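>>> Pasting the sequence and the predicted model now:
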Amino acid sequence: YYDYNGKFKAQIRLADGTQVEVSSAVFDPGPWHYLTMVVDDVNKNLHLYVDGQEVSASPVSYSGALADHEDAPYYIGTSEPLTELYEYRFKGLIDEAWIFSQSLTATEVEALFAGFSNYLVAVTAATVQVSANPTMIIANQVATATVTAMIRDDSEMPLSDGRVVQFTTDKGSLANGGLTTISGGQGEATIVLTSDTTSGLTEITATVDSISGSTTVEMLSPTPLLSVSVTAGQTMIAMGAMVTYSYEVANGGDVALSQVTIVDDNGSPDNPGDDIMIAACNDVTLVIGEAKECGTRTATLNQTTVNTVKATGKDLINNTVTATDSITIMVIPDIKIFLPLILKE
C-alpha cells in the first residue's frame with residue numbers, strides 16, 4: 001500500500017498477530033508504478049519491488065507461520081468495502097493486478113515489469129498544457145524564462161518519466177535544441193528559453209506524440225544606460241599646484257555594452273587635438289550592472305579649469321550609447337601685495 005509519507009509498503013501478518021513490513025523510498029503521487037510483493041515462505045523473506053527493482057530495505061526476514069485467513073475475500077484498493085469505515089481506501093488508479101501461487105524470483109519480477117514498461121510507452125499524450133515563468137523578459141541575449149509543459153493521457157494521468165518532449169520557438173533559443181524529457185514523476189517537462197535581440201511576442205510550443213500545446217513570452221526592447229564620473233582629490237588648488245583626476249564608468253541598463261571608451265577633453269572643449277584617452281577604459285566590455293574604475297591622471301593647473309569627460313559604447317545591436325560628466329577645479333591665483341616703505345632718519 002501507499003502510506004501517508006509517500007512510501008510504498010509490503011506487509012504480512014503472522015499467525016501470532018505480528019506484522020512484518022518493508023518500505024520503499026519516497027515516491028511522489030502521479031505517475032504509474034509497478035509494485036511487486038513477494039512472500040518467500042520457504043526462506044522466510046518478504047520482498048518489495050518498485051518498477052522491477054528490489055527496494056534497498058528488502059528483503060525483510062521473519063519467523064513463524066503466516067496467518068491463515070481461510071476463506072476471507074481478497075480486496076484490491078480497500079480493506080473492507082462493505083463497511084462505512086474505509087480506513088485504507090486507495091486514492092488513485094490500479095491496473096494489471098496479479099496474484100501468483102508461488103513466490104517470484106527477481107528475474108521474473110524484472111521480466112514482468114518489462115512488459116508493463118511496454119504498456120506505458122504505448123500510452124499516448126492527450127493534452128499538453130504549457131506555461132512560462134516569467135512571461136516577460138528583456139531582449140538582450142541574456143534574460144531567460146523557464147517553460148513548463150504538463151502532459152496528461154486520456155485518463156488525465158501524468159505521462160511517465162523519460163518520454164521525449166520537443167519544444168520549438170519563433171524567437172530566442174531553447175536549451176539542447178528544444179529537446180528534453182518528462183521527469184520528476186508529475187508528467188512535466190521543463191526547458192529554458194533565452195532571449196535574442198528582437199523584441200516582440202514569441203510563441204513556444206511543446207509537442208508529445210503529435211499532441212501540442214503552446215504559450216507566449218513577451219521580449220521587451222532593452223534599455224541601454226551608460227554612466228561616467230570624474231572626480232578630483234581637491235576642487236580648489238593654488239595656481240601651479242597639481243590635481244589628481246579619477247574616472248569610473250558603469251553599465252546601469254539591462255543589456256551588455258562593448259567598445260566602451262573614455263575621453264577627457266583636457267579642459268579645452270574647442271580643441272579636440274589635446275583630448276586624453278583614458279587608457280584603463282579603452283575598448284572595454286561592461287556586463288549588466290558592472291562598474292569599472294578607470295584609474296587616475298594628474299595635471300598641473302594655472303587657471304580655473306572645467307574638464308568634461310565623455311564615455312562611448314555599443315549595445316548588442318550596435319547602437320551607440322554615450323554619457324558625460326564634468327568637474328570644475330578652481331585655481332586661486334598667486335596674489336602679491338606691495339606696500340610702500342618709508343624710511344625716516
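Arrived safely, thanks for sending. Numbers count the residues shown, from 1 in each chain.
>>> only C-alpha atoms for contact and neighbour calcs from this point on.
OK.
>>> Against Arg297, how distant is the residue lying closest to Ala232 once chain neighbours are set aside?
Leaving aside its sequence neighbours, Ala232 sits nearest to Tyr245 (CA to CA, 6 or more residues apart in numbering; 4.6 Å). In this view, Tyr245 and Arg297 are 5 Å apart by CA to CA, to the nearest Å.
>>> the more surrounded of these two?
Shown here are Tyr245 and Arg297; by other CA atoms under 10 Å, Tyr245 has more neighbours (16 against 13).
>>> Look up phi and psi at that one.
Backbone torsions for Tyr245, taken as degrees, to the nearest 10, come to phi -100, psi 140.
>>> these two touch, right, it and Ser229?
No: using CA atoms under 8 Å as the test, Tyr245 is too far from Ser229 to be in contact (10.2 Å).
>>> I figured Val165 hits Val208, correct?
Yes: the criterion here is CA under 8 Å, and Val165 meets it with Val208 at 5.3 Å.
>>> ok, Gly233 - how many residues close by?
Neighbours around Gly233, by other CA under 10 Å: 9.
>>> and what of Val50?
19.
>>> now what about stretch 49-59, what contacts it?
For stretch 49-59, the external contacting residues (CA atoms under 8 Å, 6 or more residues apart in numbering) are 22-25, 33-37, 45-48, 106, 109-114.
>>> Straight-line length of that stretch, end to end?
Distance between the two ends of stretch 49-59: 10 Å, counting by CA to CA.
>>> Residue ranges in the stretch 201-345 of the chain under the pLDDT threshold?
Of all residues in the stretch 201-345 of the chain, those with pLDDT under 70 make up the ranges 335-339, 345.
>>> So for the longest strand anywhere in the chain, what gets flagged as buried?
Taking DSSP state E as the criterion, the chain has its longest strand at strand 320-332. By 16 or more other CA atoms under 10 Å, the buried positions in strand 320-332 come out as Val321, Thr322, Ala323, Thr324, Asp325, Ser326, Ile327, Thr328, Ile329, Met330, Val331.
>>> residues near the residue nearest to Met239 when sequence neighbours are not counted, how many?
Leaving out its chain neighbours, the residue that sits closest to Met239 by CA to CA, 6+ apart is Asn302, at 4.7 Å. For Asn302, the neighbour count with other CA under 10 Å is 17.
>>> State the distance from Asn302 to Thr231.
On the measure of CA to CA, Asn302 and Thr231 end up 19 Å apart.
>>> Which strand residues bridge the residue nearest the centre of the chain?
Nearest to the geometric centre of the chain sits Thr146, at 6.8 Å (CA atoms, centre = their mean). Beta bridges link Thr146 to Asn133, Val192 when assigned by DSSP bridges.
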